[in-house]
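Student: Sequence and predicted model, in that order:
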Amino acid sequence: MTTIGSGAALALVLALAGGLFAKRALLLYRIVRQGKPTARGGDVPRRLRAEATVVVGQRKLLQRLIPGLVHAFIFWGFVVLFPTIVLAFLGAIDGDLTLPWLGHQGWFFLLVDVFCVLVLVGVTAAFLIRKVQRPARFEGSHLGEADLILGLIALIVTTLLCWHGSRIALGSNEWPEAWSPVSNAIGSLMEPGPWLEVRERIFVWAHVLTILGFLVYLPRSKHLHIATAAINVWFARTRARGRLEPIDFEPEDEADLRLGAGTVGDLTWKQMIDTMSCTECGRCQDVCPAWATGKALSPKLLIMDLRDRLFAEGPGLLRGEEGSPLVPGAVTDEVVWDCVTCGACVHECPVSIEHVDHIVDLRRQLVMVDARFPTEASTMLRDVERASNPWGKPQVERASWAEGLDVRVLQTGDPPPEILYWVGCAASFDERARATARATASLLLAAGLDVAILGPREGCTGDPSRRMGDEYTFQAQARTNVATLDESGVTKIVTSCPHCFNTVGNEYPDFGGSYEVVHHTELLAELVREGRLEPVAGAEQITYHDSCYLARHNDVLVAPRELVSRIGRPLEMARSGKRTFCCGAGGAHMWMEERGSAINEERAREAAATGAGTLAVACPFCTMMLDDGVKQTGSDLRVADVAVLLAEALDRPASAG
Ligand code: SF4
Ligand code: SF4
């Protein structure tokens, strides 16, 4: 074919493939433009860092070394090989055409050879993982589609190597062939003769057509994530991962009132890009405590189901049609209620999908619009609203735990304390959790801090209502509490409950409440460091359970461990730190019946497997759940809050250490 003929042919296939790609891309873009607003601007340095580490550095994927390297080889390979697409287009027009400068650089063609091999190694390993190892995380993923994609990738790099090899065999390479050991070796297998030129044409056109085929297929497949992942990572939350976005109940335009997600038309644009970014890798499913204990919820399948619904109803959305209900149409009620909002899925997801926001939005719609939720939780919702605590106890009993302790109960008009101890409902009313409150208050007083509590003026933060989807009650609680704290002149707060810690610290600023909030383990560790508390270490082996709302949502990992190592001999569980496993109480599950096997029992068994005698916790809900779990599994582990253990270590005779 002449140069003009080849150029015309290339222009034709480029126009066809580009047109099909653009048509689909435009449709997806228009659908995303229909998404509801969400504030994701600013914080550019953090967003750049996320792009550098999560996208370029493949940080999350490399948490699992082998599959991480497999993906990294393919991803980095495609970045390095990108200019070869232009070279191939030029080469398809005319074998003598190449890019100025780059087309002559030996080092570049060495990189191409190296990364072609790495991509092939990656593709082979990925194929073996899928076909031989068959990890459970792929259950429910589109495996046939993944095979096709892997095959296309292998074809792209193989045809590239063969094209380069045939050019070397023909002697038409513009770069020194010594830099291309792999292509050179392939070229040496090709016999010289009249067919060599034909073969060179076949390879370059096969390469070009495979790339264009990939381009057309890409936005119609799960590999759409190649185009959307970097965008999704850019717009992900940059801080306060435990914060939920508040609902504006009084928007200027009533049409903007959005009570969670009832149809695809209610999804925010970030949620829409979330669904388009899922790679179906199953990392979220693998760490999900609900899935691990046989419940209906898989965060992966949830996102895939929402994506399928968005693609099915997106075009209708553009025509102004109402979508059909997401629950139970796309997602069952069980799936929505199984979540403990632990955030393990979000932490693990390599493309920064925010599953918890999706789930809470679905709950908001069910609770506030459809009035449909697990009946056993209705008492809790009513009690928070009516009695300002989910136990429904009289508020006058809120400070009963402090009887006999010299803790100041802050009255209206009193001078503000140096630090306010926000006790939380669990430690105020539950007998087991009250030990935490008593130990914490005693330790703070022993260290000489000016500490006070609000007593009956402290209300439920609203966290369980909010995680259930009852945003209205949450906001009422938040406003009341912020008003109380502000009128009391509070500036610094210590909490024992990671849920209060998260809500007061990360969510109350949305309602005008800005305070310095620390967790009791952080404050106690500081007091020990300063020598204001002097524990005596014992010989007891202690395993520490990270609360999701402390470790994963709020990065408090070091202080509790610092304390444990001053109290006894620490032993880590298999799942710890930011990759901790939930106790089963989050997302208002403290008040819901559990289907499948029990999450707290699974965690209790894991703790017992360490051989420790004590299971240390830093959350009143974890105390209750794991204490139950230990009893149910017949273990003799003692469950105690770090504050309780620290108080005991202060009383221990020095010789005991
Ligand atoms: S937040 Fe936890 S329970 Fe909910 S889907 Fe994610 S991993 Fe599963
Ligand atoms: S949501 Fe994220 S972690 Fe889960 S399958 Fe999709 S890409 Fe993987």
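Tutor: Thanks, I have it. No experiment lies behind these values; they were computed from the predicted model shown. Ligands and ions are numbered 1, 2, ... in the order given.
Student: got a list of what the closest residue to Arg46 other than its chain neighbours touches?
Tutor: With CB to CB, 6 or more residues apart in numbering as the criterion, Arg46 has its nearest non-adjacent residue at 4.1 Å, and that residue is Thr238. Every C-beta, even on glycine, is put in place using the N, C-alpha and C of the backbone. Neighbouring residues of Thr238 by CB atoms under 8 Å, 6 or more residues apart in numbering: Asp43, Arg46, Arg47, Ala50.
Student: Same question for Thr495.
Tutor: Residues near Thr495 by CB under 8 Å, 6+ apart: Tyr421, Trp422, Val423, Gly424, Phe501, Val504, Val517, Val518, His519, His520.
Student: cool, Gln541 as well?
Tutor: Going by CB under 8 Å, 6+ apart, the list of residues near Gln541 reads Gly568, Arg569, Pro570, Leu571, Thr610, Gly611, Ala612, Gly613, Thr614.
Student: ok, now Leu310?
Tutor: Ile31, Val264, Leu267, Met272, Thr275, Met276 are the contacts of Leu310 under CB under 8 Å, 6+ apart.
Student: again, 6 Å this time
Tutor: Neighbouring residues of Leu310 by CB atoms under 6 Å, 6 or more residues apart in numbering: Val264, Thr275.
Student: re the thing from before, show me which of the contacts of Thr238 are buried.
Tutor: The neighbour-count criterion (16 or more other CB atoms under 10 Å) marks Arg47, Ala50 among the contacts of Thr238 as buried.
Student: Out of the contacts of Thr238, which sit inside helices?
Tutor: Counted as lying in helices by DSSP state H, out of the contacts of Thr238, are Arg46, Arg47, Ala50.
Student: leaving aside the residues next to it on the chain, what's closest to the last one?
Tutor: What that stands for is Ala50. Distances taken as CB to CB, 6+ apart place Val233 nearest to Ala50, at 5.4 Å, with adjacent residues excluded.
Student: Just to check, that neighbour is in contact with Ser352?
Tutor: Yes. The criterion here is CB atoms under 6 Å, and Val233 meets it with Ser352 at 4.6 Å.
Student: separation between Ala377 and Arg467?
Tutor: Computed as CB to CB, to the nearest Å, the Ala377 to Arg467 distance reads 10 Å.
Student: got it, and Ala236?
Tutor: 20 Å.
Student: same check, this time on Asp305
Tutor: Per CB to CB, Asp305 is found 21 Å from Arg467.
Student: For the two, work out which one has more neighbours and name it.
Tutor: Counted by other CB atoms under 10 Å, Asp305 and Arg467 do not tie: Arg467 has more neighbours, with 23 against 19.
Student: Surely that one is in contact with Thr341?
Tutor: Yes. Counting by CB under 6 Å, Arg467 touches Thr341, with 5.3 Å between them.
Student: what's the overlap in contacts for those two?
Tutor: Gly587.
Student: got a pLDDT number for Met1?
Tutor: pLDDT recorded at Met1 is 64.
Student: scratch that, Gly657
Tutor: Reported pLDDT for Gly657: 50.
Student: Same check on Met190?
Tutor: Met190 carries a pLDDT value of 95.
Student: What is the neighbour count of the residue nearest to it when sequence neighbours are not counted?
Tutor: Nearest non-adjacent residue to Met190, counting by CB to CB, 6+ apart: Ala169, 4.3 Å away. Neighbour count of Ala169, defined by other CB under 10 Å: 24.
Student: do you know how far Ala169 is from ligand 1?
Tutor: Separation of Ala169 from ligand 1 (CB to the nearest ligand atom, to the nearest Å): 54 Å.
Student: I'd guessed Cys342 sits against Gly587; true?
Tutor: No. Using CB under 6 Å, Cys342 is not in contact with Gly587; the gap is 7.6 Å.
Student: Show me where the protein dips below the pLDDT cut-off.
Tutor: 1, 655-657 (pLDDT under 70).
Student: where along it do the strands fall?
Tutor: In the chain, the strands defined using DSSP state E lie at 408-409, 419-422, 451-453, 492-495, 516-519, 541-544, 569-571, 614-617, 638-641.
Student: mind listing what the residue nearest the centre of the chain touches?
Tutor: Centroid-nearest residue in the chain, with CA atoms, centre = their mean: Val346, separated by 1.1 Å. Neighbour list for Val346: Glu354, His355, Val356 [criterion: CB under 6 Å, 6+ apart].
Student: 10 Å instead?
Tutor: Applying CB atoms under 10 Å, 6 or more residues apart in numbering to Val346 gives the contacts 236-237, 241, 284, 299, 352-357, 552-553.
Student: how much space between it and Val56?
Tutor: 20 Å.
Student: Next: Leu161.
Tutor: Here Leu161 is placed at a distance of 25 Å from Val56 (CB to CB).
Student: Which one of the ones in helices among the contacts of Thr238 is nearest to Arg258?
Tutor: For those, the minimum distance to Arg258 (CB to CB) is 24.9 Å, reached by Arg47.
Student: For that closest one, which non-adjacent residue is spatially closest?
Tutor: Spatial nearest neighbour of Arg47, excluding adjacent residues (CB to CB, 6+ apart): Trp234 at 5.3 Å.
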